[in-house]
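> I'd like to go over a predicted model; first the sequence, then the structure.
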Amino acid sequence: MPEPRADYECWLPDEAATLALGAALAEALPREVKPAALIELEGDLGAGKTTLVRGLLRKLGSEEAVKSPTYTLVEPHVISGLNLYHFDFYRFSQPEEFLDAGLDEYFAQAGWCLVEWPARARPYLPACDWRIELAIAGSGRRAHLEATSERGRAWLTRLSIAATSSPPA
Ligand SMILES: Nc1ncnc2c1ncn2[C@@H]1O[C@H](COP(=O)(O)OP(=O)(O)OP(=O)(O)O)[C@@H](O)[C@H]1O
Ligand SMILES: [Mg+2]
């Protein structure tokens, strides 16, 4: 049997495309998952990580304004019984701050954990399921999603997103 596809790449010409990718991710992820699905969001300042989370939350039906967790470290959302924890470790000067803040407890619960700047909490983060890298490319963004766990690969087979155009050459 062929191995399931382990990664996915697309071009996001504008903010609406990043929101649409977030919505597609929300459809592919299982609603009941424990320990929490861990999705790492890599990319420079302004790459679109928070925008992607906003797309997920909107798809789940959230109408609240999505705040960036840059100052609070975590913004918890509960929508129709699903816990979505949105983290941002940009301000960590050392990874031990993750433990000091008691954040490890979130990852053992049921739900989805989406993490901006995950490298700043290494080596304390549990095993990642999806690693998503966003890169600024001209006026748009390039996205690369890699499934990094067995369950993450299974979820990826459910990902369906409208074909996006290619970046201008
Ligand atoms: N595909 C896209 N094309 C163009 N602009 C985009 C795209 N996706 C998001 N943006 C815009 O990029 C800007 C920064 O987005 P966002 O705040 O999501 O970045 P971030 O990666 O979370 O940054 P930070 O590391 O500072 O938290 C926003 O103005 C957003 O509208
Ligand atoms: Mg952000």
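Received, thanks. Numbers count the residues shown, from 1 in each chain. Ligands and ions are numbered 1, 2, ... in the order given.
> At which residues are the helices of the protein located?
Secondary structure of the chain, counting by DSSP state H: helices at 15-28, 49-59, 96-100, 104-108, 150-156.
> Quick check: residues of the protein near ligand 1?
Counting by Cβ under 6 Å from any ligand atom, the chain comes close to ligand 1 at 12, 14-15, 17-18, 43, 45-51, 68, 70, 90, 116, 140-141. C-betas here are computed from N, CA, C, even on glycine.
> and those, which are buried?
By the neighbour-count criterion of 16 or more other Cβ atoms under 10 Å, those include these buried positions: Leu12, Ala17, Thr18, Gly43, Ala47, Gly48, Lys49, Thr50, Thr51, Glu116, Gly140, Arg141.
> okay, those in CSV with pLDDT next?
Shown next, in CSV, are these (pLDDT from 0 to 100):
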residue, pLDDT
Leu12, 96
Ala17, 96
Thr18, 97
Gly43, 98
Ala47, 98
Gly48, 98
Lys49, 98
Thr50, 97
Thr51, 97
Glu116, 98
Gly140, 97
Arg141, 97
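> What about ligand 2: which of those residues touch it?
Applying Cβ under 5 Å from the ion to those, one finds that Lys49, Thr50 fall near ligand 2.
> Nearest to ligand 2, out of the buried ones among the residues of the chain next to ligand 1: which one, please.
Using Cβ to the ion, Thr50 comes nearest to ligand 2 of those, at 3.3 Å.
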